[in-house]
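*Asks:* Just need the structure, nothing else, for what follows:
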Amino acid sequence: MNADFRPRPYGGDAASMAPRLWHEADALALREPLLAQMCRSAVGDDAGMATLADILARVLARRLSGPDIATSALEELFRHVYSVAQALPEWAALDIEAVLRRDPATESALSVVLYQKGFQAIQLHRVTHVLWEEGRKDLALYLQSLGSRVLGVDIHPACHIGHGVMFDHATGIVIGETTVIGNGVSVMQGVTLGGTGKMKGDRHPKIGEGVLIGAGAVLLGNITVGAHAKVGAGSVVLIDVAPQTTVAGVPAQEVSAATLKQPAEEMDQSLSDGATKRQPGR
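*Replies:* Got it, this is the predicted structure:
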C-alpha cells in the first residue's frame, strides 16, 4: 500500500465540543427526566470538567460493557488509549461535525455521540487500531468482535480510517484488514469493503477523500476509488474508479462524470446529478 494514500492528520476542535455536549445533555435532562441519569453518566455532573475524551470513554464503555469486561475496566482502557493517541478526540469532533452537516435527521451533537452506532463504531475502531499497533492484537480483535455484535458494524482493527467520516445508519457495514478510507468519506448501510479470496497481503479497497458509497454497495479487492467519486447503491465494484466519477451497476461501470464537487457532503445517492452521461467508445 502506498503510504501517501493513508488519511492525512488534521486537528478538530475537541475543546469546544465537550462543553457543547455538556450543555446539550443538561437541556436534555431537563426536557426528558427519564434520560437524566444517562446524560450524567455520559458527560459527568460538573459543567466544564469533562473532556471529549472523557465523554467518549464513558459512552463507549457503557455501550460495550458486559459479563466479560466491566464498565470501569473498559473506561480505563479507553482513557489510556486517548492519552496515548491524543489526536483521536480531535478526529471524533470532526466526525461529529460531519454528521451534523450531512444528516438532516440529526439535530444535536449529543445525539450523534449517544445514539448513532455508526459514529460509535468509528470511535471504537480507532481504539482497536491503536491497540493493534501496540501489539495487543487479541484485545483489539475481542473489541472488534464485541463491537460487531453490539453495533452491527464489523471493522478489522488493522484498517485505516480518516477523519470527518460518517457511517450513516451503519447496520451491516463490513471493512477488511487492509482497507484504507480517506478523510471526509460517507458510507451508507450494508456496504462491504472486502477481499476476493483467501490470499494474504494488501487485498482490500482504498477509498479516496470525499467519496460517497451508496447503500448496499460491495467493493472487492485491492482497488482504488478516486477522490470525490460516487458509488451507486447496490453496485458491485471490482475495478478502479477514477476520481470525480459516478459508477453503478453489477458489475459497476462509469455512468457519468460527477458534477458534485463534494458527493460525500451532498449525500445525493441518485445517479441523476445533472452530469452528462458518457457515450460508449468515448
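
*Asks:* Give me the residue ranges of this structure where confidence is low.
*Replies:* Where the chain drops to pLDDT under 70, the residues are 1-12, 46-48, 258-260, 272-282.

*Asks:* What helix or strand is the residue nearest in space to the middle of it located in?
*Replies:* Nearest residue to the geometric centre of the chain (C-alpha atoms, centre = their mean): residue 122, 4.1 Å. Assigned by DSSP states H and E, residue 122 belongs to helix 117-133.

*Asks:* quick one, helices of this protein?
*Replies:* Here the chain has its helices, by DSSP state H, at 14-31, 36-43, 52-64, 71-84, 88-102, 109-115, 117-133, 137-151, 263-266.

*Asks:* how far away is the residue lying closest to residue 269 once chain neighbours are set aside from residue 143?
*Replies:* Of all residues not flanking residue 269 in the chain, residue 214 sits nearest, at 4.7 Å (C-beta to C-beta, 6 or more residues apart in numbering). (Each C-beta comes from the backbone N, C-alpha and C, glycine too.) In this view, residue 214 and residue 143 are 28 Å apart by C-beta to C-beta, to the nearest Å.

*Asks:* Please verify my assumption that the residue nearest to the centre of the chain contacts residue 168.
*Replies:* No - using C-beta atoms under 8 Å, residue 122 makes no contact with residue 168, being 11.6 Å away.

*Asks:* residue contacts, the residue nearest to the centre of the chain?
*Replies:* With contacts defined as C-beta atoms under 8 Å, 6 or more residues apart in numbering, the neighbours of residue 122 are 95, 155, 161, 165, 167.

*Asks:* surely the first one meets residue 168?
*Replies:* No - Residue 95 sits out of contact with residue 168 when judged by C-beta under 8 Å, with a separation of 12.0 Å.

*Asks:* The two - which one has more neighbours?
*Replies:* Neighbour totals were compared for residue 95 and residue 168, and residue 95 leads with 25 against 22 (other C-beta atoms under 10 Å).

*Asks:* separation between that one and residue 42?
*Replies:* For residue 95, the distance to residue 42 (C-beta to C-beta) stands at 17 Å.

*Asks:* again with residue 228
*Replies:* Per C-beta to C-beta, residue 228 is found 35 Å from residue 42.

*Asks:* Also residue 111?
*Replies:* The gap separating residue 111 from residue 42 is 12 Å, by C-beta to C-beta.

*Asks:* Also residue 137?
*Replies:* 30 Å.

*Asks:* what do you get for residue 184?
*Replies:* 27 Å.

*Asks:* So those two - more neighbours on which side?
*Replies:* For residue 184 versus residue 42, the count of surrounding residues by other C-beta under 10 Å is larger for residue 184: 25 against 22.

*Asks:* wait, doesn't the more buried one sit right on residue 162?
*Replies:* Yes - counting by C-beta under 8 Å, residue 184 touches residue 162, with 7.2 Å between them.

*Asks:* Find residues that contact each of those two.
*Replies:* residue 209.

*Asks:* Please list the members of the contacts of residue 122 that lie in strands.
*Replies:* 155, 161, 167 (DSSP state E).

*Asks:* Let me have the residues you listed in JSON lines, adding distance to residue 234 as columns.
*Replies:* Output for the ones in strands among the contacts of residue 122, formatted as JSON lines (distance: C-beta to C-beta, whole Å):
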{"residue": "155", "distance to residue 234": "21"}
{"residue": "161", "distance to residue 234": "23"}
{"residue": "167", "distance to residue 234": "17"}
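
*Asks:* quick check, nearest of the residues you listed to residue 246?
*Replies:* Closest approach to residue 246 among the ones in strands among the contacts of residue 122 (C-beta to C-beta): residue 167, at 20.6 Å.

*Asks:* how many neighbours does the closest one have?
*Replies:* 30.

*Asks:* partners of it in the sheet?
*Replies:* Listed by DSSP bridges, the beta-bridge partners for residue 167 are residue 187.

*Asks:* Check whether residue 151 really touches residue 170, as I assumed.
*Replies:* Yes - Residue 151 lies in contact with residue 170 (C-beta under 8 Å); the separation is 7.2 Å.

*Asks:* With that, I have no additional questions.
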